[in-house]
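> quick one: sequence and predicted model below, then my questions.
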Amino acid sequence: MSLALRGASFRWPDGKLALSEAEIELRGGRVIALLGPNGAGKSTLLGLASGRLAPSSGSAELEGKPLRAWDAAARARNVALLPQFERLPFNYSVRDFVLLGRAPHVGLLALPSALDEAKAAEAIEELGLEALADRGVTELSGGELQLVRIARCLAQEALYLLLDEPTSMLDPAHARSVAEAMRGLAASGRGLLFSTHDPALALFAADEALLLRNGRTVARGPVSTIVSPAALSEAFGVAFAQRPLPSAY
Amino acid sequence: MLAFVLYLLVGRYPKPGFTNPLSFFEDPLALRILLSVRLPRAVGAVLLGAVLGGAGAAFQTVFGNPLVEPGFLGVSQGAALGAALAMVLGAADPNLVALSAFVAALAALRLSLVLAARFRFGGQVLRLVLAGIAVSAFCAAALSFVKYAADPLSQLPDITFWTMGGLSAMGWNRLAAAAPIAIISLISLFALRWRATILSLDDEASRALGARPEFERGAIIVAATAGVAAMTAVSGIVSWVGLVVPHLARVTAGPDGRSSIPASMAVGALFVLACDAISRTALPGELPLGIPTALLGAAAFVALLASRRTGIPR
């Protein structure tokens, strides 16, 4: 039982190689961090792992079956993806917004049922957002909105959660609360794969890490061994030094 | 319901203003006016308003944009062009004019969808908006040419009145032609109302929720537009309803399609019923319906935007 990329490469139609032979095996209860500079292929990897993109070579499989062979709704019941950015078209209430996570469980012509409402309420509760439930999503702070968007992923009841730079726009306090929420989700049995530029977040939240540069894997393994000055310097192209710094993690 | 009954009682026969309900029993002509003139017209106003309001709300939701209205994919201008062409080519039968308007509206929609699929620029929403602008402009230009070529004494006034909208020619037979399409459109939009909310998210987000945004958005657009084209064909262009009614509905019903789409249908029906009552009673002659809808619609729009209760992010 896993979400796995095996030797997965992705080439854009213009021939540019965005990701080369990536290996990922995500299981319930585990957290994997994707580390690397802009353009390293992190979002491409999440695209492959969510089934949005098809690998040019290699495979991307959910429970042993190619992701692209899954029906879109069935796939979304197993894999939830949180895009990095999202435009909010209307001022939906937090409750209605999180309920949208039930979409893969509700038929095309149907409305969410009382059970769906209950599942959405559960997701809101799991992240401690009850106080925000009746607020409008456009009135939230960046950190609150991020937690609400993660709650929407939880409402999907997917075992695997893919988060694209979940803390990149947040101040340290909000980033910390999102990171803690991520640890909590792993403790409750879910498998998380997230991309980040922040080695400290990776160290705090992840068990394993994959370090990418120009689409290639620089290092892969337990996070404590991957997040080393030498490997980070190689991936990010700037010298990293080991020194104690104030950190929210 | 109350508005519907009031509408039936307002008119210029037997005397201007309210008709005493008892007079329908005493005066056979009053009864005939009620049953074959006011009643189909009232039903037509309700359907027209419901379709414009519901389609407007569905469009604004699936485009994630509160400034689109149901005619913008070339449908309104296409219908006007179709109607004008039929008039200039000598179609005496108003049903033929309506048919021509309906066919041209659907052709304009089809052209917009084809163009949007051909554009190599932006996402689906932007491509549809751009295609709609192009097709509307093309139809407007062609309409101007038809007007220029029309007989200024007989045909030009007819064309002009048609583009201002009106339900004065609405009878049971016209209603019977347009109502089935309008009702199917309303039922489809009602059934897809939560789906529309999902599609209001970015395509990447809705796709991650298992939706197929391009296909589903296309289906909702076709369902909405078919109803708008059918009702526009028999009523002419009634402006502002599809734009402003969803804003009014969202103030009380909230932005979620589950409530805002049915509420927009109800508010649209009421709004057009009220405006048509004004149309037919305000002056001794008939005031084109597009005038009170635009006047009241624009006023409501301004009041709403100034009150900050729109449910639209600032």
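Here it is on my side, so go on.
> and B:Ala182, how many neighbours?
25 (other C-beta atoms under 10 Å in any protein chain shown). The C-beta positions use only the backbone N, C-alpha and C, and glycine is treated the same way.
> so what's it up against?
B:47-48, B:50-51, B:227, B:230-231 (C-beta atoms under 8 Å, 6 or more residues apart in numbering or on different chains).
> and the pLDDT for it?
Per-residue confidence (pLDDT) for B:Ala182: 95.
> which stretches in chain A count as strands?
Assigned by DSSP state E, the strands in chain A fall at A:3-11, A:17-26, A:31-35, A:57-62, A:65-66, A:79-82, A:160-164, A:191-196, A:208-213, A:216-222.
> do the fourth one and chain B meet?
No: if you take C-beta under 8 Å from any C-beta of the partner chain as the test, strand A:57-62 misses chain B, and the best it gets is 13.3 Å.
> that strand to strand A:3-11, inter-axis angle?
150 degrees (axes from the mean of the first three to the mean of the last three C-alpha atoms, to 10 degrees).
> in strand A:57-62, what counts as buried?
Burial within strand A:57-62, assessed by neighbour count using 16 or more other C-beta atoms under 10 Å in any protein chain shown, is assigned to A:58, A:60-62.
> OK, contacts around A:Ala72?
Here A:Ala72 is in contact with A:51, A:104, B:207, B:210-212 (criterion: C-beta under 8 Å, 6+ apart).
> from the residues you listed, pick the one nearest A:Tyr249.
Set against A:Tyr249, the nearest of the contacts of A:Ala72 by C-beta to C-beta is A:Gly51 (31.1 Å).
> from A:Leu3, how far off is the closest one?
10 Å (C-beta to C-beta, to the nearest Å).
> now do the shared contacts for those two.
A:62, A:79.
> re the thing from before, could I get the buried residues of strand A:57-62 as CSV with pLDDT and distance to B:Leu156?
Formatted as CSV, the buried residues of strand A:57-62 follow (pLDDT from 0 to 100; distance: C-beta to C-beta, whole Å):
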residue, pLDDT, distance to B:Leu156
A:Gly58, 93, 68
A:Ala60, 95, 64
A:Glu61, 95, 68
A:Leu62, 95, 65
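> which one of those residues is nearest chain B?
A:Leu62 (13.3 Å; C-beta to the nearest C-beta).
> number of nearby residues for residue 164?
Using chain A here. Number of residues near A:Asp164 (other C-beta under 10 Å) recorded here: 22.
> meant chain B, my bad for not saying
Neighbour count of B:Met164, defined by other C-beta under 10 Å: 17.
> please tell me how far the residue nearest to it when sequence neighbours are not counted sits from chain A.
If the residues on either side of it in the chain are set aside, B:Met164 comes closest to B:Pro288, at 3.4 Å by C-beta to C-beta, 6 or more residues apart in numbering or on different chains. In this view, B:Pro288 and chain A are 33 Å apart by C-beta to the nearest C-beta, to the nearest Å.
> and the pLDDT at B:Pro288?
91.
> was I right about it contacting B:Gly165?
Yes: using C-beta atoms under 8 Å, B:Pro288 is in contact with B:Gly165, at 5.8 Å.
> these two - which one has more neighbours?
Comparing B:Pro288 with B:Gly165 by other C-beta under 10 Å, the one with more neighbours is B:Gly165, at 25 against 21.
> residues contacting the more buried one?
B:235-239, B:288-290, B:293 are the contacts of B:Gly165 under C-beta under 8 Å, 6+ apart.
> what residues does chain B have near chain A?
Counting by C-beta under 8 Å from any C-beta, the residues of chain B near chain A are B:61, B:64-66, B:191-195, B:197-198, B:200-202, B:204-212, B:216, B:250, B:254-256, B:258, B:311-314.
> for the closest residue to A:Ala179 other than its chain neighbours, give its distance to B:Pro94.
Residue nearest to A:Ala179 in three dimensions, not counting chain neighbours: A:Ala205, with 4.8 Å by C-beta to C-beta, 6+ apart. When distances are taken as C-beta to C-beta, A:Ala205 and B:Pro94 turn out to be 69 Å apart.
> pull the CA atoms of the helix or strand hosting B:Ala176 into PDB?
Using DSSP states H and E, B:Ala176 sits in helix B:172-191. The C-alpha trace of helix B:172-191 is given here as PDB (Å, rounded to 0.1, in the frame of the first residue of the first chain):
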ATOM      1  CA  TRP B 172     -49.400  30.800 -25.300                       C
ATOM      2  CA  ASN B 173     -48.000  29.600 -28.700                       C
ATOM      3  CA  ARG B 174     -44.700  31.500 -28.400                       C
ATOM      4  CA  LEU B 175     -44.400  30.400 -24.800                       C
ATOM      5  CA  ALA B 176     -44.900  26.800 -25.800                       C
ATOM      6  CA  ALA B 177     -42.000  27.000 -28.200                       C
ATOM      7  CA  ALA B 178     -39.500  28.500 -25.700                       C
ATOM      8  CA  ALA B 179     -40.700  27.200 -22.400                       C
ATOM      9  CA  PRO B 180     -39.600  23.500 -22.700                       C
ATOM     10  CA  ILE B 181     -36.000  24.600 -23.500                       C
ATOM     11  CA  ALA B 182     -36.000  27.100 -20.700                       C
ATOM     12  CA  ILE B 183     -37.400  24.600 -18.200                       C
ATOM     13  CA  ILE B 184     -34.800  22.000 -19.100                       C
ATOM     14  CA  SER B 185     -32.100  24.600 -18.700                       C
ATOM     15  CA  LEU B 186     -33.400  25.600 -15.300                       C
ATOM     16  CA  ILE B 187     -33.600  22.000 -14.100                       C
ATOM     17  CA  SER B 188     -30.000  21.300 -15.400                       C
ATOM     18  CA  LEU B 189     -28.600  24.400 -13.600                       C
ATOM     19  CA  PHE B 190     -30.500  23.500 -10.500                       C
ATOM     20  CA  ALA B 191     -29.100  20.000 -10.500                       C
END
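> in it, what counts as buried?
For helix B:172-191, a neighbour-count test (16+ other C-beta under 10 Å) marks B:174-175, B:178-179, B:181-182, B:185-186, B:188-190 as buried.
> now do that helix: distance to the chain's middle.
How far helix B:172-191 lies from its chain's middle: 12 Å, per C-alpha atoms, centre = their mean, to the nearest Å.
> equivalent analysis for stretch A:95-105, please.
Here stretch A:95-105 is found 18 Å from its chain centre; the criterion is C-alpha atoms, centre = their mean.
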